[in-house]
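> dropping a prediction and its sequence here:
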Amino acid sequence: MGFLSSIGRARLKKAHSIEDLRAAARRTLPRMVFDYADGGAQSESTMRQNRAAFERHRLLSRAPVDVSGRSMATTLFGKPLAMPLIIGPTGYASAFWPRGDLALAGGAAKAGIPFVVSNGANSPLPDIARAAEGKAWLQVYIAHDKQVTLDLIRDAKALGFDTLEVTVDTALPGRRVRDIRNGFTVPYSWTAGKVLDVLRHPDWMLRALPHGAPRPGLMPMEQGRSWATVSEFVRSQINPAIGWDDLKWLRDRWDGTLIVKGLLDPAQVKPAVEAGYDGIVISNHGGRQLDGAVSTLDLLPEFAAAAQGRIALLLDSGVRTGTDIVKAVALGASAVQVGRATLYGLSVAGQAGVDHALGIFRTELDMAMALVGLRSLEEASPDIIRIRQD
C-alpha cells in the first residue's frame, strides 16, 4: 500500500489551505462519503451563513507592535493548549480513512490540543484513548435509556477521560438532502451507480476494502437492521425529550469538566451556569441541523455579554482559517472547534493529513497574530474587529 501513501503525500504538497484540502478530499472520496462530511441541512443556507459571518468580520491591524516574542499558547479548563483549537466530534470518521478516529486523536495529541471523541466513533474507546495520549474528551448524547449513557461515561472515566461534551441540538437529526440523494446508509448499501463511483476512486477503495464498512463503536446497533441514512440511525439513538433537568442529572453523575454543545440562544447561558456546567459550545452543528439558523460568530458577542466570564465559551461552525480563530477569540471565545477541516485532511492522507490541516491553522494563526499586532491571544479584544456593512 506504499503507493497509496505516495498519492496522499503528493496531494498534501499541493494543499496550502483548508479549501485546498477540501478539493483534494473531493477528488479522493466517493461522492456519498465526501458529501456526508461536506453537506448541510436542506438548502445549506446555515452552512453558507457561517462562512459569510467570518467574512463580514474584518481585522484591524495595530501595527507597529513588537511581536517578535508572540505565543499562541493558551489555557483551557486549567490545562495548557498549544493553540486555541480543538478537533471537535465528527462521527463515522472511519468512512474517510480506516480507523479514522485514531488518526484524528493522534494528530491532536501531536499538536498539543484536545480531540473530542464522537458518540458516533467507529473505533473502540480504549484504542482512541491511547492514541490521544490523555488529550481526548468524550462527546455524548443522553440516550433513551440513560443507563446506556451512564455505562459509556463510566468506561470513559476508567480510561482517564476528564471532560465530557454533551450535545443538545439534535432533538431530531437535520434533513441532509445530499445523504438522501446519495443513499448514504448505515451500513452501506450498494447500487450499480455507487459501485461505479467507488471504482473511480481506487485509492479510497483499496484502503477501505480490507476493513469493510465502518460500524458505530460506541452506540448500540441492532444486528441485521439498516437505516436509510446516517441521520436516521442517529434518530434511533437520541432521546428528543431532553431538557435542563436531564443536563443537571448528567452534572450530578460526572465529576469532571462538563460542556454543553449546541446552544444558539444567549439566554441559555444562565441555566448552563446554574446547572454547574464549565463550558458552552456555541454551535449550529456546522449547518447540519436547522436550515436558516443564525451564524455562531454573529451570536458570540451576545453570549460573551451574558456569560461575563462565568463560563468558558467555545465556538464551532464555519472555522476554516487561522484568522477565523483570531476573530472568534477577539469576540469572546476561549477556543474554537473544527470538524470538516480535519476530516478533509484525514481523507487525503490519514494522520499525515490531519497533521497538515492543523499545521495550516497553526501557520495562519501565527501570521494573523503578527500582522494584527498580538503578542498573545489574551490581547485580542473586540477593538480589533470591524463588521463590514453589506
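Great, that's in hand.
> ok, L152 - contacts?
N119, L138, V140, L218 (CB atoms under 8 Å, 6 or more residues apart in numbering). C-beta coordinates here come from the backbone N, C-alpha and C atoms, glycine included.
> these two touch, right, D383 and L60?
Yes: with contact defined as CB atoms under 8 Å, D383 counts as touching L60 (7.4 Å).
> and the biggest strand by length in the chain, what does it pack against?
For the chain, the longest strand by residue count, based on DSSP state E, is strand 257-263. Contacts of strand 257-263 with other secondary structure elements, assessed using 3 or more CB pairs under 8 Å, 6 or more residues apart in numbering; DSSP states H and E, are made with strand 136-140, strand 163-167, helix 244-253, helix 269-274, strand 279-282.
> C-terminal to the longest helix along the chain, what's the next element?
Taking DSSP state H as the criterion, the chain has its longest helix at helix 351-372. Scanning forward in sequence from helix 351-372 by DSSP states H and E, the next helix or strand is strand 385-387.
> who's in contact with that next one?
The set of residues that contact strand 385-387 without belonging to it, under CB under 8 Å, 6+ apart, is R56, H57, R58, L59, L60, K327, A330, L331.
> list the strands paired with it, with their directions.
When pairs are called by DSSP bridges, strand 385-387 turns out to pair with strand 57-59 (antiparallel).
> could I get the buried residue list for the strand it pairs with?
The neighbour-count check on strand 57-59 (16 or more other CB atoms under 10 Å) flags H57, L59 as buried.
> per-residue confidence averaged over that strand?
Per-residue pLDDT over strand 57-59 has a mean of 98.
> contact partners of it?
Outside strand 57-59, the residues touching it (CB under 8 Å, 6+ apart) are 297, 323, 326-327, 330-331, 368, 372, 384-388.
> next, the buried residues of whichever helix or strand comes after that strand.
Under the assignment DSSP H and E, the closest C-terminal helix or strand after strand 57-59 is strand 74-76. Residues of strand 74-76 classed as buried: T74, L76 (neighbour count, 16+ other CB under 10 Å).
> distance between strand 74-76 and the chain's centre?
Using CA atoms, centre = their mean, to the nearest Å, the mean C-alpha position of strand 74-76 is found 18 Å from that of the whole chain.
> give me the residues contacting that strand.
Contact with strand 74-76 is made by P80, L81, M83, P84, P114, A312, S334, A335, L377, E378, as judged by CB under 8 Å, 6+ apart.
> spatially, which two of these are the most separated?
The widest separation within these, taken as CB to CB, falls between P114 and E378 and amounts to 19.5 Å.
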